[in-house]
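**Q** kindly return the folded structure for what I paste below:
(2 chains)
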Amino acid sequence: MTFSPAQRRYNRSVLLLSAAYALILFGVIAFFRNGPPHGPSAYAAAILPALPIIGIFAAIGRYMIDESDEYLRMLLVRQSLWASAFSLSIATIWGFLESFDLVGHIESYYVAVLWFGGLGLGALMNRLTIGRDV
Amino acid sequence: MNNRLKVLRAERAWSQSDLAERLAVSRQSVNAIETGKYDPSLPLAFRIAELFELPIENIFTSPTKG
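**A** Residues are numbered from 1 along each chain as shown, chains lettered A, B, ... in the order given. Presented below is the predicted three-dimensional model:
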(Lines give C-alpha, C1' and ligand atoms only; values in the text may rest on other atoms or scores of the structure.)
Protein backbone atom coordinates (compact mmCIF):
# COMPACT_ATOMS: atom_id res chain seq x y z
CA MET A 1 0.00 0.00 0.00
CA THR A 2 1.35 3.38 -0.99
CA PHE A 3 0.50 6.59 0.83
CA SER A 4 0.16 10.03 -0.69
CA PRO A 5 2.46 12.74 0.77
CA ALA A 6 -0.56 14.20 2.61
CA GLN A 7 -1.42 10.76 4.05
CA ARG A 8 2.17 10.29 5.25
CA ARG A 9 2.12 13.68 6.96
CA TYR A 10 -1.25 12.86 8.54
CA ASN A 11 -0.05 9.43 9.77
CA ARG A 12 3.07 11.00 11.29
CA SER A 13 1.01 13.70 13.02
CA VAL A 14 -1.44 11.18 14.47
CA LEU A 15 1.36 8.97 15.79
CA LEU A 16 3.11 11.91 17.45
CA LEU A 17 -0.12 13.31 18.90
CA SER A 18 -1.18 9.87 20.19
CA ALA A 19 2.16 9.48 21.96
CA ALA A 20 1.83 13.02 23.36
CA TYR A 21 -1.69 12.20 24.59
CA ALA A 22 -0.51 9.08 26.45
CA LEU A 23 2.40 10.93 28.06
CA ILE A 24 0.31 13.97 29.06
CA LEU A 25 -2.52 11.82 30.41
CA PHE A 26 -0.19 9.80 32.65
CA GLY A 27 1.51 13.01 33.76
CA VAL A 28 -1.77 14.74 34.62
CA ILE A 29 -3.11 11.68 36.47
CA ALA A 30 0.10 11.58 38.55
CA PHE A 31 -0.15 15.34 39.11
CA PHE A 32 -3.70 15.02 40.50
CA ARG A 33 -2.76 11.99 42.64
CA ASN A 34 0.16 13.76 44.29
CA GLY A 35 -2.05 16.30 46.01
CA PRO A 36 -4.96 17.57 43.92
CA PRO A 37 -4.23 21.04 42.50
CA HIS A 38 -6.66 23.91 43.07
CA GLY A 39 -7.76 26.98 41.20
CA PRO A 40 -6.61 27.85 37.67
CA SER A 41 -3.76 25.30 37.71
CA ALA A 42 -6.30 22.49 38.21
CA TYR A 43 -8.28 23.66 35.19
CA ALA A 44 -5.16 24.08 33.08
CA ALA A 45 -3.86 20.61 34.01
CA ALA A 46 -7.25 18.95 33.43
CA ILE A 47 -7.51 20.46 29.96
CA LEU A 48 -3.99 19.38 28.92
CA PRO A 49 -4.92 15.81 27.75
CA ALA A 50 -7.61 17.31 25.49
CA LEU A 51 -5.05 19.31 23.51
CA PRO A 52 -3.47 16.40 21.57
CA ILE A 53 -6.95 15.07 20.80
CA ILE A 54 -7.91 18.48 19.41
CA GLY A 55 -4.62 18.27 17.50
CA ILE A 56 -5.78 15.01 15.90
CA PHE A 57 -9.01 16.69 14.78
CA ALA A 58 -6.89 19.49 13.32
CA ALA A 59 -4.62 16.92 11.60
CA ILE A 60 -7.68 15.32 9.99
CA GLY A 61 -8.85 18.76 8.82
CA ARG A 62 -5.40 19.55 7.46
CA TYR A 63 -5.28 16.22 5.66
CA MET A 64 -8.64 16.98 4.01
CA ILE A 65 -7.21 20.27 2.75
CA ASP A 66 -3.78 18.93 1.77
CA GLU A 67 -4.89 15.74 0.01
CA SER A 68 -4.57 16.48 -3.71
CA ASP A 69 -6.22 13.19 -4.73
CA GLU A 70 -9.91 14.10 -4.97
CA TYR A 71 -11.09 10.49 -4.67
CA LEU A 72 -9.15 9.84 -1.44
CA ARG A 73 -10.42 13.17 -0.13
CA MET A 74 -14.00 12.16 -0.88
CA LEU A 75 -13.52 8.87 0.97
CA LEU A 76 -12.28 10.70 4.07
CA VAL A 77 -15.13 13.22 3.90
CA ARG A 78 -17.64 10.35 3.73
CA GLN A 79 -15.87 8.60 6.64
CA SER A 80 -15.99 11.80 8.70
CA LEU A 81 -19.70 12.29 7.98
CA TRP A 82 -20.41 8.75 9.15
CA ALA A 83 -18.27 9.34 12.25
CA SER A 84 -20.13 12.58 13.05
CA ALA A 85 -23.57 11.06 12.49
CA PHE A 86 -22.66 8.00 14.58
CA SER A 87 -21.13 9.81 17.54
CA LEU A 88 -23.73 12.61 17.69
CA SER A 89 -26.60 10.13 17.41
CA ILE A 90 -25.28 7.98 20.27
CA ALA A 91 -24.55 11.07 22.36
CA THR A 92 -28.08 12.43 21.77
CA ILE A 93 -29.70 9.09 22.63
CA TRP A 94 -27.53 8.74 25.73
CA GLY A 95 -28.33 12.31 26.79
CA PHE A 96 -32.06 11.66 26.76
CA LEU A 97 -31.67 8.31 28.53
CA GLU A 98 -29.59 10.09 31.16
CA SER A 99 -32.17 12.89 31.49
CA PHE A 100 -34.84 10.36 32.37
CA ASP A 101 -32.51 8.61 34.85
CA LEU A 102 -32.42 5.41 32.82
CA VAL A 103 -28.65 5.24 32.46
CA GLY A 104 -25.67 6.54 34.38
CA HIS A 105 -23.54 9.56 33.55
CA ILE A 106 -20.72 9.23 31.05
CA GLU A 107 -17.96 11.82 30.61
CA SER A 108 -18.51 13.83 27.44
CA TYR A 109 -15.01 13.11 26.08
CA TYR A 110 -16.35 9.69 25.12
CA VAL A 111 -18.06 11.47 22.20
CA ALA A 112 -14.55 11.86 20.72
CA VAL A 113 -13.91 8.13 21.30
CA LEU A 114 -17.19 7.37 19.51
CA TRP A 115 -16.20 9.70 16.66
CA PHE A 116 -12.89 7.89 16.15
CA GLY A 117 -14.80 4.59 16.24
CA GLY A 118 -17.19 6.11 13.72
CA LEU A 119 -14.27 6.62 11.33
CA GLY A 120 -13.96 2.82 11.30
CA LEU A 121 -17.67 2.55 10.59
CA GLY A 122 -17.22 5.07 7.78
CA ALA A 123 -14.40 3.02 6.28
CA LEU A 124 -16.64 -0.05 6.41
CA MET A 125 -19.48 1.85 4.74
CA ASN A 126 -17.09 3.05 2.02
CA ARG A 127 -16.12 -0.56 1.44
CA LEU A 128 -19.74 -1.75 1.32
CA THR A 129 -20.95 1.03 -0.98
CA ILE A 130 -17.94 1.69 -3.22
CA GLY A 131 -16.09 -1.61 -3.13
CA ARG A 132 -13.12 -3.38 -1.67
CA ASP A 133 -10.50 -1.22 -3.36
CA VAL A 134 -10.87 1.82 -1.09
CA MET B 1 -20.74 7.36 -15.49
CA ASN B 2 -19.60 4.96 -18.20
CA ASN B 3 -16.24 5.56 -19.78
CA ARG B 4 -13.60 4.06 -22.08
CA LEU B 5 -10.72 4.49 -19.68
CA LYS B 6 -9.96 0.79 -19.39
CA VAL B 7 -9.91 0.33 -23.18
CA LEU B 8 -7.74 3.39 -23.76
CA ARG B 9 -5.37 2.26 -21.04
CA ALA B 10 -5.19 -1.27 -22.49
CA GLU B 11 -4.43 0.14 -25.97
CA ARG B 12 -1.33 1.74 -24.51
CA ALA B 13 -0.47 -1.31 -22.38
CA TRP B 14 -0.60 0.82 -19.22
CA SER B 15 -1.44 -0.66 -15.87
CA GLN B 16 -3.74 1.22 -13.49
CA SER B 17 -0.64 2.26 -11.59
CA ASP B 18 0.97 3.61 -14.79
CA LEU B 19 -2.10 5.70 -15.54
CA ALA B 20 -2.35 6.84 -11.91
CA GLU B 21 1.26 8.00 -12.01
CA ARG B 22 0.70 9.93 -15.26
CA LEU B 23 -2.38 11.62 -13.78
CA ALA B 24 -0.75 12.20 -10.37
CA VAL B 25 -3.58 10.41 -8.56
CA SER B 26 -3.81 7.17 -6.57
CA ARG B 27 -4.34 3.79 -8.24
CA GLN B 28 -7.58 3.50 -6.27
CA SER B 29 -8.81 6.66 -8.02
CA VAL B 30 -8.13 5.18 -11.44
CA ASN B 31 -9.88 1.95 -10.48
CA ALA B 32 -12.91 3.81 -9.07
CA ILE B 33 -13.23 5.95 -12.22
CA GLU B 34 -12.76 2.97 -14.56
CA THR B 35 -15.44 0.96 -12.83
CA GLY B 36 -17.85 3.91 -12.80
CA LYS B 37 -17.92 4.07 -9.00
CA TYR B 38 -16.55 7.59 -8.95
CA ASP B 39 -17.12 10.42 -11.42
CA PRO B 40 -14.03 12.62 -11.68
CA SER B 41 -14.20 16.38 -11.27
CA LEU B 42 -14.10 18.48 -14.42
CA PRO B 43 -10.40 19.41 -13.94
CA LEU B 44 -9.45 15.72 -13.57
CA ALA B 45 -11.62 14.75 -16.55
CA PHE B 46 -9.76 17.39 -18.61
CA ARG B 47 -6.40 16.01 -17.41
CA ILE B 48 -7.49 12.53 -18.52
CA ALA B 49 -8.65 13.85 -21.89
CA GLU B 50 -5.43 15.77 -22.42
CA LEU B 51 -3.35 12.72 -21.51
CA PHE B 52 -5.14 10.58 -24.10
CA GLU B 53 -5.33 13.52 -26.54
CA LEU B 54 -9.05 13.01 -26.99
CA PRO B 55 -12.13 15.17 -26.40
CA ILE B 56 -13.79 14.43 -23.04
CA GLU B 57 -16.93 13.08 -24.75
CA ASN B 58 -14.82 10.44 -26.52
CA ILE B 59 -13.78 9.09 -23.11
CA PHE B 60 -16.83 9.65 -20.91
CA THR B 61 -20.38 8.86 -21.91
CA SER B 62 -22.90 11.53 -21.01
CA PRO B 63 -25.36 10.12 -18.43
CA THR B 64 -28.23 11.44 -20.59
CA LYS B 65 -26.97 9.45 -23.59
CA GLY B 66 -25.50 6.42 -21.87
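**Q** mind naming the longest helix for chain B?
**A** helix B:42-52 (DSSP state H).
**Q** that one: which residues count as buried?
**A** Going by neighbour count (16 or more other C-beta atoms under 10 Å in any protein chain shown), the buried part of helix B:42-52 is B:44-45, B:47-49, B:52. For the C-beta atoms, the positions are set from N, CA and C on the backbone; glycine is no exception.
**Q** so is it next to chain A?
**A** Yes: shown here: helix B:42-52 in contact with chain A (C-beta under 8 Å from any C-beta of the partner chain) through B:Leu44.
**Q** contacts made by that helix with the rest, please.
**A** A:70, B:5, B:8, B:19, B:22-23, B:25, B:33, B:40, B:55-56, B:58-60 (C-beta atoms under 8 Å, 6 or more residues apart in numbering or on different chains).
**Q** and if you look at stretch B:26-41?
**A** Contacts of stretch B:26-41 (C-beta under 8 Å, 6+ apart): A:2, A:4, A:69-72, A:74, A:130-131, A:133-134, B:1-3, B:5-6, B:9, B:16-17, B:19-20, B:23, B:48.
**Q** and that stretch, how far from the chain's centre?
**A** 7 Å (C-alpha atoms, centre = their mean, to the nearest Å).
**Q** so which of the buried residues of helix B:42-52 is the closest to chain A?
**A** When the buried residues of helix B:42-52 are compared for distance to chain A (C-beta to the nearest C-beta), B:Leu44 wins out at 6.3 Å.
**Q** any idea how far B:Ala24 is from that closest one?
**A** As judged by C-beta to C-beta, to the nearest Å, B:Leu44 and B:Ala24 stand 10 Å apart.
**Q** check what pLDDT A:Val134 gets.
**A** For A:Val134, the pLDDT comes out at 62.
**Q** in chain B, which residue sits nearest chain A?
**A** B:Ser29 (3.8 Å).
**Q** any idea which element the residue located most distally from the centre of chain A lies in?
**A** Here chain A reaches farthest from its C-alpha mean at A:Gly35, the gap being 30.0 Å by C-alpha atoms, centre = their mean. Following DSSP states H and E, one finds A:Gly35 outside all helices and strands.
**Q** also B:Ser17?
**A** Per DSSP H and E: helix B:16-23 holds B:Ser17.
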